[in-house]
Each structure stands twice: as C-alpha cells, then as structure tokens.
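Participant: Curious how this folds, go ahead:
(4 chains)
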There are 2 protein chains.
Amino acid sequence: MSLRHAVLGLLVDQPASGYDLMKRFNTSLANVWPATQSQVYGELARLADNGLIDVAAEGPRGRKEYTLTDTGLAELQRWLIEDKPEPRRSSALLRVFFIGVLTPEQAADYLARAAEQAAADQAALRQLQDSLDWTEPGQLTVNGRLALEYGLRLYAMQEEWAHWAAGQLTSATD
Amino acid sequence: MSLRHAVLGLLVDQPASGYDLMKRFNTSLANVWPATQSQVYGELARLADNGLIDVAAEGPRGRKEYTLTDTGLAELQRWLIEDKPEPRRSSALLRVFFIGVLTPEQAADYLARAAEQAAADQAALRQLQDSLDWTEPGQLTVNGRLALEYGLRLYAMQEEWAHWAAGQLTSATD
DNA sequence: TGGTACATGTAAGGGGTTACATGATTAA
DNA sequence: TTAATCATGTAACCCCTTACATGTACCA
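Facilitator: Below you'll find the predicted structure:
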C-alpha cells in the first residue's frame, strides 16, 4: 500500500490539492511511483477520513488544499523505517526465462533491443538530470538526485547485462 | 497481464497440472514472478476456455494435465517479441525520495540496512547458483542462468549505490 | 489407520487502470 | 466569448492476496 505513503510524502512541507498532487506524480514521481487521478482523489478522501491529512483551506472550483497532520507524518516515518519491501515482479526477467522459445536470431534481436532501450532510458534520465535546477536546495531535489543516480546505475547495468547475455547465447549456439 | 504468459511459458515442452505448476512457480519463478495457487487455477481455466492450452490427460484426484496448444505457443512468442514492458514501481526508490523526513542518523541507518540487505540477497542467489545442477542442459536452466546473473548484478549495483548514497548524505550534512 | 502429499476450487477485499461525467475560473 | 486550465468525483473491470472449503490417493 505505497500509494498512500507517496501522497503523504508529497504533502510534507508542501500543502496541495489533488490537482497539484497529480502534477507532482507526473513529474517527480513519474519514474518511481506512477498514479492516476482517480487513485489520488480516492486516497485523499480516505487519508482525510483517517486523520492522516486535513483540509487546511478551500479555494475556487471546490479546490481543497490538504496538509499533513502529525499522525500522517508519524505514519510516513514509520513506513520508511519499519516496512519491508514487497517481492518484486519483473516482466523483463520473465521474458528472459522463456527466451528459448524464440529462434536464436529472434533471441539475439530481443537482447539487442533490450540493450538499446536501456541506453535510451539512461540518456533520457541524464537529460532530465541536466535540465533540473539543482541550485535551490530542498529535500525533494537532494533525495531526487539519489533516486536519479539509482536509475542511471540500473540502466547501465541492464545495458551491460544485455550485451553479456547476447554473448552467452551466441557461444551456446556455436 | 504477465501471469498468463508465465503459465504458458512453464507449459512449453512440459505438460503439467495446476499443482505441478505451483511447484514451478515456487522454485524457478519465485524471484521473478510469484503467483498464488488461487491465481494459477483461475488462469488455467481461462486459458483453456480461450484455447491457448488443452487438457491432455486426466489423472487421479481430479488431476488435469494441461498442454500448450499451437495458439498458446504463438501467443507466448508474440508477447516475447511485441509487448512493451510496463512502467515499473519501486517502493525502495519511493523511500529514498522521502528519506529527508528522517533524522540524519535514521537515514544513514536506513541506507546501511539497504546495503546489507542487497549483500544478503546477493549471497542467497549465489548459493542458489551453486546448488543448482547445471550439468543437464535445457531451456530453463540455460535461461535461468541469464536471469540469475541479472539478479546478481542488480544486487551488486544496489549495494554499491547504497554506500554511495550514504556518503552523499553525510557530506551534505557536514 | 492415520498422516502427508496430491489436487482443485470459491469468496471477499484491496489496489490499479481506463473511461466517463461534470462543472468553475481565467485569460486572450 | 471561447478555449485552456483548474478541479473533483464515479463506475466498470482486471489482477492480486488471503482465507476458506473440500476431497482423494498413497505410504508407513
């Protein structure tokens, strides 16, 4: 149930409406925890019911601006420290498991495209890194840099692995 | 919708009952695509309805042994080649984004534990690698090796990153 | 004969995605 | 005045998890 904690985290020090939050989800968290509008509004209602957030102000067009309560902040901290990460599913790895049903040519092509994709993703992240304004300090930018570096390292690893795996397949076919 | 393709993949060249499949999910695919008994039986019924698998034999205790049909194999191959990987969610990265709400000590502790966890996961995978019998060739073992290597590289990267991130935080706090 | 392994299924509830539905405010 | 932006909400459908429910075959 991490959507709830993503919402809480985005409200730390920055009160926002559901509409505002959607923008933050679509920019800062796009590569980390995507969420849809329908999900966010539902979760906001639930969090308010449970006292983890408050409606601090109402504006035009029915705008409701939410703030984090003490209870909400405590829950966010608890989650950060206590909760164990859930088991991960990887459709990419699942494909690798079954790559044997393809012809050697198709398999080689698949791995080549995987390597290209990883390289492209890495380039896109690097561009994002260059485009962001790192001059003004703040929690999101500092921690965003850590997350961004994780992404860069992940894509680099994926690219190297795909090349290695392609080599393994060709040597096995010989 | 990858569960469907996991089931199809596990049935390639190896007819099985739902019970058999559960064993394969809990061993070969445990770290790649976990599935529950209730999911597997439901999916088998749906796949049979859609003609992607057939009941090839019935045994004691109501056992139904399924085989892949030509349509099923074709669908598996199509998925391998055509389908794009879905956007990934990472609760680990989400935590990193919000690590600023912890005290510096708590944050350092969190990253230290993340590094330890990655090291432990890597060690567990290496043990699995050593314990498996690689002598008998077969698609699953060959491709399983590729997937295993991916896991080893991923955990290594996570460990290195956690150490680096811890360094970033301490230098920022100074 | 009694326990373990084999074997299949259903139900309830949570979370996610897509699509639908509606309306107010602002700026050109 | 009209188009873009702001703003919230609901409904249907799919996937996943947990728990419940039932019964058969085999082996010691």
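
Participant: rest of the way, CA atoms for contacts and neighbours
Facilitator: Will do.

Participant: do you know how far A:K84 is from A:G72?
Facilitator: The gap separating A:K84 from A:G72 is 19 Å, by Cα to Cα, to the nearest Å.

Participant: same deal with A:D49?
Facilitator: Remark: distance between A:D49 and A:G72 (Cα to Cα) = 12 Å.

Participant: State the distance from A:R126 to chain B.
Facilitator: 17 Å (Cα to the nearest Cα, to the nearest Å).

Participant: Excluding sequence neighbours, find me the nearest residue to that residue.
Facilitator: The spatial neighbour of A:R126 that comes closest, neighbours along the chain excluded (Cα to Cα, 6 or more residues apart in numbering or on different chains), is A:L152 at 7.5 Å.

Participant: quick one: which of A:D49 and A:G72 has more around it?
Facilitator: Neighbours per residue (other Cα atoms under 10 Å in any protein chain shown) separate A:D49 from A:G72, with A:G72 holding more: 23 against 11.

Participant: so the more buried one sits in a helix?
Facilitator: Yes - according to DSSP: H, G, I helix; E, B strand; the rest coil, A:G72 belongs to a helix.

Participant: Which pLDDT value belongs to it?
Facilitator: pLDDT for A:G72: 97.

Participant: Also the one 10 residues further on?
Facilitator: Here, the pLDDT recorded for A:E82 equals 87.

Participant: how close does it get to DNA strand D?
Facilitator: 17 Å (Cα to the nearest atom of the strand, to the nearest Å).

Participant: what's the answer for A:Q129, then?
Facilitator: A:Q129 sits 24 Å away from DNA strand D when distances are taken as Cα to the nearest atom of the strand.

Participant: Mind telling me what element that residue is part of?
Facilitator: Here A:Q129, judged by DSSP states H and E, is contained in helix A:104-131.

Participant: and that helix, what does it pack onto?
Facilitator: Packing partners of helix A:104-131 (3 or more Cα pairs under 8 Å, 6 or more residues apart in numbering or on different chains; DSSP states H and E): helix A:139-173.

Participant: list the buried ones in the helix it packs on?
Facilitator: Of the residues in helix A:139-173, A:140-159, A:161-166, A:169 count as buried by neighbour count, 16 or more other Cα atoms under 10 Å in any protein chain shown.
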